[in-house]
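Student: Got a predicted model here, sequence first, then my questions.
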Amino acid sequence: MLKLAILGFLRDHPLHGYDLKSRIAALTGHVKPIADGTLYPAIKRLETAGMLTRRSAPGKVAAPRHMLELTQKGIDHLTWLLRDPEDLTISDENRWFTLLAFLRHLDNPREQAIVLRRRLAFLSEPVPYFFDEHGRPAAVDDFDDPFRQGLLSIAHAKTNTEFAWLNATIAELDRHT
């Protein structure tokens, strides 16, 4: 998820490390804040792999800053990550949202629709949160507990909203292919 976020934000435009960290935190920070000890080694690995470069740029107030830019190899790798995401990226909501934030960089509408169809297929196989004493999936009405009712109601509403968006977006993408 971190590699995808780094490559995706740098595909938008070059950034220095602090701005990159701020953008990643805004996208995923509510889930897992990004520490310098995680971000900067990841940047270094991508740089060593030839996916990004650094250049000096004048600072706004003081010393020059190191701007990070994607290379063609980085762009190609991002495209590959977007075109063929891992199953975990499709099924995990936080990873999915990170992928979705950058799916526009996959320029082919047919390929975008394929990724969205994978998410739609995943959502079509519901996984229950709770089970009754016989091992059957429990529904909202099976609980007197307002908190579990709330959890299930919210999850159901989110899923319905995502279904509607996915179907509408896939239909629109199909019109362009």
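Tutor: In hand now; what should we look at?

Student: Could you check how far the residue nearest the centre of the chain is from residue 50?
Tutor: Nearest to the mean C-alpha position of the chain, by CA atoms, centre = their mean, lies residue 98 at 1.2 Å. The gap separating residue 98 from residue 50 is 23 Å, by CB to CB, to the nearest Å. For every residue, glycine as well, the C-beta is placed using N, CA and C.

Student: Which residue, neighbours along the chain excluded, lies closest to residue 25?
Tutor: Counting by CB to CB, 6 or more residues apart in numbering, residue 25 lies nearest to residue 34, which is 5.7 Å off, once chain neighbours are set aside.

Student: So that neighbour, which state does it fall into?
Tutor: coil (DSSP: H, G, I helix; E, B strand; the rest coil).

Student: Tell me which residues touch it, please.
Tutor: 2, 21, 24, 25, 28 (CB atoms under 8 Å, 6 or more residues apart in numbering).

Student: Quick check: pLDDT value at the residue nearest to the first one when sequence neighbours are not counted.
Tutor: What that stands for is residue 2. Excluding its sequence neighbours, the residue lying closest to residue 2 (CB to CB, 6+ apart) is residue 42, at 5.3 Å. Here, the pLDDT recorded for residue 42 equals 94.

Student: Residue 42 and residue 5 touch, don't they?
Tutor: No - with contact defined as CB atoms under 8 Å, residue 42 does not reach residue 5; the gap is 9.4 Å.

Student: Which one's more surrounded, these two?
Tutor: residue 5 (22 against 16; other CB atoms under 10 Å).
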